[in-house]
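K.L.:
need coordinates for the below:
(2 chains)
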Amino acid sequence: GEDVEQSLFLSVREGDSSVINCTYTDSSSTYLYWYKQEPGAGLQLLTYIFSNMDMKQDQRLTVLLNKKDKHLSLRIADTQTGDSAIYFCAESFHSGGYQKVTFGTGTKLQVIP
Amino acid sequence: DAGVTQSPTHLIKTRGQQVTLRCSPKSGHDTVSWYQQALGQGPQFIFQYYEEEERQRGNFPDRFSGHQFPNYSSELNVNALLLGDSALYLCASSLAHLGPDEQFFGPGTRLTVL
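P.N.:
So this is what the prediction gives:
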């Protein structure tokens, strides 16, 4: 079965880089995603990476994928207080002809001014 | 574009009651997925609707049912509510294809079962 794991909490100082890690179990994953959830809000898709890629950069965000170890990371450069939120990684894979998405438990990022 | 909207925002019910939650997808989207997010957890997939039919379902009992209307909006119904059904219920919309599942989420409905 599919399982996605993340550490629960990360605290960084404003201006530093944040690295949020995630491990997944399904080797047939097609896409891997990072979502952000602010208090009282739904999930916002930040970025995604296709499973045959190693890295994707999008402004302050860098996603690294180690498919051999089934490890995904999200690096946020120059972390700001507005980045404080819960970050979820998610994997999708084909199931019955459709994409099925499984989310991790989330990492709460606290940015200290 | 209003994005994905959900109603109501908050809801309080008692055990054994029934509840209906509503979702309007983002303009142009034809697929609606429902998720349950318990406190401190990630979203758990309930089911997905496309062309007014349920086409995928997660590990949820039959007490959870849904519907999609011709205008692509959707309802989630939960019967015989249990205390454990208390959660944030998220609706997500997307376009039906097999590329990246770029789901857009609504703000959710917070259900409390007493």
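
K.L.:
name the helix or strand for the residue nearest to A:Arg75 when sequence neighbours are not counted, please.
P.N.:
Once flanking residues are discounted, A:Arg75 sits nearest to A:Thr62: 4.3 Å by C-beta to C-beta, 6 or more residues apart in numbering or on different chains. Bear in mind the C-beta positions are built from the backbone N, C-alpha and C, glycine included. Element membership of A:Thr62, judged by DSSP states H and E, is strand A:61-66.

K.L.:
number of residues surrounding the residue nearest to A:Arg75?
P.N.:
Residues within reach of A:Thr62, counting by other C-beta atoms under 10 Å in any protein chain shown, total 17.

K.L.:
helix or strand right after the helix or strand of chain A with the lowest mean pLDDT?
P.N.:
Here the helix or strand of chain A ranked lowest by mean pLDDT, DSSP states H and E is strand A:98-103, holding a mean of 82. Toward the C-terminus, strand A:98-103 is succeeded by strand A:107-112 as the next helix or strand (DSSP H and E).

K.L.:
before we move on, the earlier item: which other helices and strands contact the least confident helix or strand of chain A?
P.N.:
Packing partners of strand A:98-103 (3 or more C-beta pairs under 8 Å, 6 or more residues apart in numbering or on different chains; DSSP states H and E): strand A:31-37, strand A:85-95, strand B:44-50, strand B:53-57.

K.L.:
in space, what's closest to the spatially most central residue of chain B - neighbours in sequence excluded?
P.N.:
Central residue of chain B (C-alpha atoms, centre = their mean): B:Trp34, 3.0 Å from the mean position. Using C-beta to C-beta, 6+ apart and skipping residues adjacent in sequence, the residue nearest B:Trp34 is B:Ile46, 4.3 Å away.

K.L.:
low-confidence ranges, chain B, go.
P.N.:
Per-residue confidence for chain B (pLDDT under 70) gives these ranges: B:1, B:97-100.

K.L.:
near chain B, which residues of chain A?
P.N.:
Counting by C-beta under 8 Å from any C-beta of the partner chain, the positions of chain A adjacent to chain B are A:4, A:31, A:33, A:35, A:40-45, A:48, A:50, A:88, A:90, A:92, A:94-96, A:98-106.
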